[in-house]
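[1] Fold the following, please.
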Amino acid sequence: MLRNLNIEEVLFLDIETVPLNPEYNGLNEKWKQLWEHKMRSHSEGDEPAEVLYDRAGIYAEFGRIICISVGYVFQKKGDPHFRVKSFYDDDEKILIQNFFDALDGFSRKGKRRLCAHNGQEFDFPYISRRALVNNLSLPAILDISSAKPWEIKDNLIDTLQLWKFGDYKHYTSLSLLCELFNIPTPKDDIDGSQVARIYWEGKDIDRIVRYCEKDTLAVANLLLKYKGNKIIPHDQMEIV
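    I've put the predicted structure just below:
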């Protein structure tokens, strides 16, 4: 697959999510009960559900998307470059619809595949679930209910699944693989665990967007490394 994959047909993406409510005490009693039940089945320790609420953003039932960054590889003067565009809005429905509209345009330009790190278990289903919550129709590439397994694998590329080589229990973070493959990453003052605080307390969406865009380039560079190609430096990333 990788040998024959045309990297310029791939649209790389990364999403950032936060809890629906900035704090546990802001939930009504029904939602508190539902969160506590969720944590009983997902937590291995005895921490109270209130303490675990900072995890809410990773569950599509309790979180929402605040940014989707997408990018693609293109040639410029014989060298690969990366062009990235971000979608963000306080209204999640508008954000997702704008992203879906852009997917149609990208598809017409030959970008017919999506790629994300851990996309199979996070980005792709999260976007799809939040789209349904917002009463939005799924684009064909994400409407996989009747798709064959090989069709899903071909159209929705996951750099984590490629690294697993069939090992279902093996999770490896994007940051670890970038270090392993000597892919330079900017020394940001932010990581994924801080996104919710920066969004709800700092109100600094621009900072989150820049972080999301850099992760999108990191995913592209990881796939380039898998293919044995040279990576794209950050000064060859163009932000639309």
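
[2] Phi, psi for the most far-flung residue of the chain relative to its centre please.
    Going by Cα atoms, centre = their mean, the residue of the chain most distant from its centre is residue 29, 30.7 Å out. Main-chain torsions, residue 29, degrees, to the nearest 10: phi -60, psi -40.

[3] And the next helix or strand past the lowest-mean-pLDDT helix or strand in the chain?
    In the chain, the helix or strand scored least confidently by mean pLDDT, DSSP states H and E is helix 149-155, which has a mean of 65. Using DSSP states H and E, the helix or strand that follows helix 149-155 in sequence is strand 156-158.

[4] average pLDDT across that following strand?
    Strand 156-158 shows a mean pLDDT of 95 in the predicted model.

[5] Could you do stretch 75-88 as well?
    So the average pLDDT for stretch 75-88 ends up being 94.

[6] hmm, who's touching it?
    Contact partners of stretch 75-88, identified using Cβ atoms under 8 Å, 6 or more residues apart in numbering, comprise 7-8, 66-74, 95-96, 98-99, 102, 205, 208-209, 212-213, 216-217, 220, 224, 229-230, 232, 236-240. Quick note: C-beta positions are derived from backbone N, CA and C, even for glycine.

[7] Out of these, which sit inside helices?
    95-96, 98-99, 102, 205, 208-209, 212-213, 216-217, 220, 224 (DSSP state H).

[8] Stretch 159-169: which residues count as buried?
    For stretch 159-169, a neighbour-count test (16 or more other Cβ atoms under 10 Å) marks 159-163 as buried.

[9] before we move on, back to that, hmm, which of the ones in helices among the contacts of stretch 75-88 are the buried ones?
    Of these, these count as buried by 16+ other Cβ under 10 Å: 95-96, 99, 102, 205, 208-209, 212-213, 216-217, 220, 224.

[10] mind listing the strands for the chain?
    10-19, 63-76, 79-87, 113-116, 156-158, 237-239 (DSSP state E).

[11] how long is stretch 162-171 end to end?
    One end of stretch 162-171 sits 11 Å from the other (Cα to Cα, to the nearest Å).

[12] starting at the chain centroid, how far to it?
    Relative to the chain's own centre, stretch 162-171 is displaced by 18 Å; criterion: Cα atoms, centre = their mean, to the nearest Å.

[13] related to what we said a few turns ago, okay, the ones in helices among the contacts of stretch 75-88 in CSV with distance to residue 50 and pLDDT next?
    Shown next, in CSV, are the ones in helices among the contacts of stretch 75-88 (distance: Cβ to Cβ, whole Å; pLDDT from 0 to 100):
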residue, distance to residue 50, pLDDT
95, 28, 98
96, 29, 98
98, 34, 97
99, 33, 97
102, 38, 93
205, 26, 95
208, 25, 95
209, 30, 95
212, 28, 95
213, 33, 95
216, 33, 96
217, 37, 97
220, 39, 97
224, 43, 96
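
[14] To what extent is residue 92 buried, counted in neighbours?
    The number of residues packed near residue 92 is 20, by other Cβ atoms under 10 Å.
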